[in-house]
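> need the 3D shape of this:
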Amino acid sequence: LSLDVRGKPCSGMTKNEMVDILHKDFVLEKKVLGERAHRKIRELEVEIMDLMKRKRNTMANKIKLEVNDMWRPLKEIQAEEMAQEYAKNNIERQAKYTKLE
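This next block holds a predicted model:
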């Protein structure tokens, strides 16, 4: 549910992959939004679980959208970080390839 609330698909992932993604999300969440917002998101997750148990899916979906709105800027930050990491790895690979020649 935590990944779903943050707008991240989790189908086909191993538990280790999910835990790794959640850890990164929590660290970024606390760094950018602060501890208070992180706690608020966690409280909303608990509320969503309760609403889903009581078959109040419409209300649960509204709260999911609220959390998703809170996460929108964080997704952009993560995308930028991933692009930088990809570029860095690509440069390192090219440097190794050039050394081999």
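
> which other helices and strands contact the longest helix seen in the chain?
Ranked by residue count under DSSP state H, the longest helix found in the chain is helix 57-100. For helix 57-100, the packing partners by 3 or more CB pairs under 8 Å, 6 or more residues apart in numbering; DSSP states H and E come out as helix 2-5, helix 15-32, helix 35-53. (C-beta placed from N, C-alpha, C; glycine too.)

> now could you export just the CA positions of the last one as CSV?
Provided in CSV are the C-alpha atoms of helix 35-53 (Å, rounded to 0.1, in the frame of the first residue of the first chain):
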residue,chain,number,x,y,z
GLU,A,35,9.4,14.5,9.7
ARG,A,36,5.9,16.0,10.3
ALA,A,37,4.8,15.5,6.7
HIS,A,38,6.3,11.9,6.8
ARG,A,39,4.2,11.1,9.9
LYS,A,40,1.1,12.7,8.3
ILE,A,41,1.5,10.5,5.2
ARG,A,42,1.9,7.4,7.4
GLU,A,43,-1.3,8.4,9.3
LEU,A,44,-3.1,8.8,6.0
GLU,A,45,-1.9,5.3,4.9
VAL,A,46,-3.4,3.8,8.1
GLU,A,47,-6.7,5.7,7.4
ILE,A,48,-6.7,4.3,3.8
MET,A,49,-6.3,0.8,5.1
ASP,A,50,-9.1,1.2,7.5
LEU,A,51,-11.4,2.7,4.9
MET,A,52,-10.6,-0.2,2.5
LYS,A,53,-11.4,-2.7,5.2
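
> next, the buried residues of that helix.
Of the residues in helix 35-53, 38, 41, 44-45, 48, 51 count as buried by neighbour count, 16 or more other CB atoms under 10 Å.

> again with the first one
Counting neighbours by 16+ other CB under 10 Å, one finds that the buried residues in helix 2-5 are 2-3, 5.
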